[in-house]
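Engineer: Following is a predicted model, sequence given first.
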Amino acid sequence: MKFFALLFILFSGAAGAASPNILFIAVDDLNCRLGCYGFEHIVSPHIDNLAQRGVRFDRAYCQYPSCGPSRASVLSGLRPDTTGVISNKINFREHLPDALTLPQHFRNNGYHVARVGKIFHQSNPTDIGTSGPDDPESWDEVVNPAGRDKEEEDQLTVYTPQLPLPDQMCFLKADGTDAEQTDGKVTDEAIRLLGEDREKPVFLAVGYYRPHIPYIAPKKYFDFYSLEKTPLPAIPKDYRSFVPAATLASTPEWPNFGTTEQEARECILAYDACVSFVDAQIGRLLESLDRSGTADNTIIVLWGDHGYHLGEHGLWRKNSLFEESARAPLIILDPRIEHQDSDCERIVEFVDIFPTVTELAGVPVPENLDGVSLVPLLKNPEAEWSRPAFSQVQFREAAGRSVRTDRWRYVEWGDRGAKGTELYNQKGDPQEMSNLAGDGKQSAVIKQLRSMLRANWPE
């Protein structure tokens, strides 16, 4: 009862004011493999419920499908070419020392801003329990939990020992309780922070570490799934000859880093188990907010930092420009907006998150942001909207640039496509298995999309 009394004090103070609280939830390597995104076998009731209450953006795209670059883009509201972050080894402050981040902007506008877990890039799991390359200027308060998963990494089942731990296909059916895991502790600390008595409105960023490798979750979550009902995506015969070499560069030991079908399926199941584990933690967090009676003044934003391959195209993890890698979950709930229980089919970008949250909160929107506010779509998910999404990557081979419209995805690898091009019809080929770039019938489409691509990346 003491906790809920404190939680009520926190949020009732803000409820009487104009400023709403912000609960900003990031999930590391979470793709759209969720019940609310059409994967009915996935046990994700709490994220699904949030999607039913808010607006689920069905086609939201990151600007760079890798943790560090994507998070730098989201949190600065700027594209990767502006932040200078095109790998996990680069800190955006090296290129933009005076950049204004989303949490920093709220901090400058009267909010108490706190972080629990991974929001800016941290090497996962290496940096668990530390701030890693965080941005101290963005926070009033920081908590870096660490659970028994860090202590039990020597118990992992590893199928790709040739890779470093943050990249390995490996898993652990963990003993013990949810609360002993790092993400359980992230939730406990987030609930504690929400319960503290403050006079200021709160921007609380909560970053979960799973389902990122290593796939560690309590055993009960593995029991939600059956290996017999966990297929490995099929790959057409001679598939490598149909696409540019750079397209598959993110998995150099192709397909699936040389694992067997059985091993890959076990890892898919482990990923799904981790999704369900994180969903349960998000459920605890949201339920504590709902019980407080003050959720009606809290904006909730949930996002996965990029998509994630689980064998599609023979690829694993991220760093491709296919739909599975560039598309990621985005759910926004502002309880002050009526009739939000909708899905939005419009193409949106992760650089749109910064201007959206600031406008919702009534905080001034910086003028230099690369994205646009999604508030019109929150009020009417079917509103007119014609903006495309741009994603980019540079992984081992040539740099790749992509434009995604309602119907098409067009990709160029290398300078003006010197290393290959791709064109996919999303209406007839949503799995992007038939590259139409060499089809002369599509020359007019390619010309139009190329123009859009070059306008976003002028030479």
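Structural biologist: Looks like it arrived, so ask away.
Engineer: element containing Ser250?
Structural biologist: Under the criterion DSSP states H and E, no helix or strand holds Ser250.
Engineer: my guess is it meets Phe322, correct?
Structural biologist: No. Using Cβ atoms under 8 Å, Ser250 is not in contact with Phe322; the gap is 9.5 Å. The way it works is simple: take the backbone N, C-alpha and C, and place the C-beta from them, glycine included.
Engineer: Now list whatever residues contact both of these two.
Structural biologist: 309, 315 (Cβ atoms under 8 Å, 6 or more residues apart in numbering).
Engineer: residue boundaries of the strands in the stretch 351-459 of the chain?
Structural biologist: For the stretch 351-459 of the chain, the strands defined by DSSP state E, counting those that start in this stretch occupy 389-394, 399-404, 408-413, 421-425.
Engineer: Just name the most buried of those.
Structural biologist: Most buried of those, by mean neighbour count (mean count of other Cβ atoms under 10 Å): strand 408-413, with a mean of 26.
Engineer: Partner strands of that strand and their direction?
Structural biologist: strand 399-404 (antiparallel), strand 421-425 (antiparallel) (DSSP bridges).
Engineer: Those strands: which one's closest to Ser73?
Structural biologist: Ranking the strands paired with strand 408-413 by proximity to Ser73 (Cβ to Cβ) places strand 399-404 first, at 14.4 Å.
Engineer: per the record, what domains does the protein have?
Structural biologist: 2-391, 398-459 (automatic domain parsing).
Engineer: Would you quantify the distance from Leu100 to Arg71?
Structural biologist: 15 Å (Cβ to Cβ, to the nearest Å).
Engineer: who has more neighbours, these two?
Structural biologist: In this view Leu100 and Arg71 are compared by other Cβ atoms under 10 Å, and Arg71 has more residues nearby, 29 against 19.
Engineer: picking up where we left off before, now the strands of the stretch 351-459 of the chain as JSON lines including mean pLDDT and distance to Glu312?
Structural biologist: Below are the strands of the stretch 351-459 of the chain laid out as JSON lines (pLDDT from 0 to 100; distance: least, Cβ to Cβ, whole Å):
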{"stretch": "strand 389-394", "mean pLDDT": "96", "distance to Glu312": "16"}
{"stretch": "strand 399-404", "mean pLDDT": "97", "distance to Glu312": "16"}
{"stretch": "strand 408-413", "mean pLDDT": "98", "distance to Glu312": "14"}
{"stretch": "strand 421-425", "mean pLDDT": "98", "distance to Glu312": "13"}
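Engineer: got those strands as a markdown table, with distance to Trp303 columns?
Structural biologist: Output for the strands of the stretch 351-459 of the chain, formatted as a markdown table (distance: least, Cβ to Cβ, whole Å):
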| stretch | distance to Trp303 |
| --- | --- |
| strand 389-394 | 14 |
| strand 399-404 | 17 |
| strand 408-413 | 21 |
| strand 421-425 | 24 |
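Engineer: What are the boundaries of the helices in the stretch 1-150 of the chain?
Structural biologist: 2-15, 45-53, 67-76, 80-83, 92-95, 102-108, 148-151 (DSSP state H, counting those that start in this stretch).
Engineer: Just the CA atoms from the fifth one would do, formatted as CSV, please.
Structural biologist: Right, the one you point to is helix 92-95. Taking C-alpha atoms only, helix 92-95 is exported to CSV below (Å, rounded to 0.1, in the frame of the first residue of the first chain):
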residue,chain,number,x,y,z
PHE,A,92,27.3,10.6,-31.5
ARG,A,93,28.9,13.2,-29.2
GLU,A,94,32.1,12.7,-31.1
HIS,A,95,30.4,14.2,-34.2
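Engineer: mind listing what's buried in that helix?
Structural biologist: By neighbour count with 16 or more other Cβ atoms under 10 Å, helix 92-95 contains the buried residues 92-93.
Engineer: swap in the fourth one?
Structural biologist: Buried residues in helix 80-83, counted by 16+ other Cβ under 10 Å: 80-83.
Engineer: How about the last one?
Structural biologist: Across helix 148-151, burial judged by 16+ other Cβ under 10 Å covers 148-150.
Engineer: check contacts around Glu349.
Structural biologist: Shown in contact with Glu349 (Cβ under 8 Å, 6+ apart): 60-63, 371, 387, 389-390.
Engineer: Excluding chain neighbours, what is closest to it?
Structural biologist: Ala389 (4.9 Å; Cβ to Cβ, 6 or more residues apart in numbering).
Engineer: Now for the one you found: which residues touch it?
Structural biologist: So Ala389 contacts 59, 61, 326, 347-349, 403-404 (Cβ under 8 Å, 6+ apart).
Engineer: Tell me how far it lies from Leu96.
Structural biologist: 23 Å.
Engineer: Val206 too?
Structural biologist: On the measure of Cβ to Cβ, Val206 and Leu96 end up 25 Å apart.
Engineer: what pLDDT does the closest residue to Val243 other than its chain neighbours get?
Structural biologist: Counting by Cβ to Cβ, 6+ apart, the nearest residue to Val243 once its immediate chain neighbours are dropped is Asn435, at 5.6 Å. Asn435 carries a pLDDT value of 97.
Engineer: What is the neighbour count of Asn435?
Structural biologist: Asn435 has 18 neighbouring residues, counting by other Cβ under 10 Å.
Engineer: Thought Ser241 was touching it, still the case?
Structural biologist: No. Checked against Cβ under 8 Å, the pair Asn435 and Ser241 is beyond contact range at 10.5 Å.
Engineer: In this protein, where is pLDDT below threshold?
Structural biologist: 1-18, 339 (pLDDT under 70).
Engineer: so how far is the longest helix seen in it off the chain centroid?
Structural biologist: Counting residues, the longest helix found in the chain (DSSP state H) is helix 261-291. Relative to the chain's own centre, helix 261-291 is displaced by 14 Å; criterion: Cα atoms, centre = their mean, to the nearest Å.
Engineer: Which positions in that helix come out as buried?
Structural biologist: Buried residues in helix 261-291, defined by neighbour count with 16+ other Cβ under 10 Å: 263-286, 288-289.
Engineer: Does the residue lying closest to Ile25 once chain neighbours are set aside belong to a helix, a strand or coil?
Structural biologist: Among residues not flanking Ile25 along the chain, Leu302 sits closest, at 4.4 Å (Cβ to Cβ, 6+ apart). Put simply, Leu302 is strand when judged by DSSP: H, G, I helix; E, B strand; the rest coil.
Engineer: let's have the chain start at 47 instead
Structural biologist: Done: numbering now begins at 47, and the last item shifts to Leu348.
Engineer: Could you give the number of residues near Leu348?
Structural biologist: By other Cβ under 10 Å, 23 other residues sit near Leu348.
Engineer: residues contacting it?
Structural biologist: By Cβ under 8 Å, 6+ apart, the contact list for Leu348 reads 71, 73, 93, 96, 328, 375-378.
Engineer: what separates the residue nearest to Glu395 from Asp342, distance-wise?
Structural biologist: 32 Å.
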